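In: what follows is a protein structure lacking sequence information:
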């Protein structure tokens with residue numbers, strides 16, 4: 001997915017360079033808020049829109065027209081997206097690290113045996129410096145989850161999706177695009 005940057009130049013005849021730049025940035029933000037700009041891109045013939053979470057400062061893409069946003073959670077931590085047939089569910093949410101997990105300890109908890117879900121079988125796992133990925137089978141569904149650790153804010157951003165095994169060929173490339181799209185944004189209000 002491509003990111004497109006738009007640069008708008010506004011000239012103010014009676015201000016110094018720094019003051020003019022600040023005014024221009026404010027006007028640009030107001031302009032985009034006013035027109036309700038929604039970013040979108042097309043990959044593999046699928047159109048993607050972006051969901052931006054202001055509370056936990058992240059952005060994630062979702063396939064427009066395939067998964068329908070259900071509205072942001074009341075606490076502002078994220079959003080649920082559901083397919084038209086109700087069989088595919090995507091969750092994107094952030095949370096504070098109130099239990100003092102490290103990324104590694106959370107990874108071990110997520111990959112351990114879960115007696116409440118004995119049918120869940122992890123077939124792929126990847127641990128990196130600032131994120132981990134898990135994927136596998138849970139009965140007749142495929143699950144995929146990616147967890148990103150925001151060390152500066154001591155927060156996690158969590159993306160997970162489940163879809164029917166029968167729709168694997170359709171959803172696998174979509175899940176790849178969504179996973180690659182996760183961006184941690186600069187803090188809007190200084191963290192926690």
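Out: Sure thing, it's come through. Please read all numbers here as calculations on a predicted model, not as lab measurements.
In: what distance do you get for residue 149 to residue 95?
Out: 11 Å (Cβ to Cβ, to the nearest Å). Where you see a C-beta, it was placed from the backbone N, CA and C, and this is true even at glycine.
In: between the two, which contacts overlap?
Out: 155, 156 (Cβ atoms under 8 Å, 6 or more residues apart in numbering).
In: more neighbours: those two, which one.
Out: Set residue 149 next to residue 95 and count neighbours by other Cβ atoms under 10 Å: residue 149 wins out with 23 against 15.
In: now do stretch 155-169: distance to the chain's middle.
Out: In terms of Cα atoms, centre = their mean, to the nearest Å, the gap separating the centre of stretch 155-169 from the centre of its chain is 12 Å.
In: buried stuff in it?
Out: Neighbour counts using 16 or more other Cβ atoms under 10 Å place 155, 156, 157, 158, 159, 161, 162, 163, 167 of stretch 155-169 among the buried residues.
In: tell me the SS of residue 104?
Out: Using DSSP: H, G, I helix; E, B strand; the rest coil, the three-state assignment for residue 104 comes out as helix.
In: leaving out chain neighbours, which residue sits closest to it?
Out: Using Cβ to Cβ, 6 or more residues apart in numbering and skipping residues adjacent in sequence, the residue nearest residue 104 is residue 127, 7.1 Å away.
In: which secondary structure state does residue 126 sit in?
Out: Residue 126 ends up strand, using three-state DSSP.
In: isn't it up against residue 133?
Out: Yes - using Cβ atoms under 8 Å, residue 126 is in contact with residue 133, at 4.4 Å.
In: between these two, who's got more neighbours?
Out: residue 133 (17 against 11).
In: now that one: how far from residue 146?
Out: For residue 133, the distance to residue 146 equals 5 Å [Cβ to Cβ].
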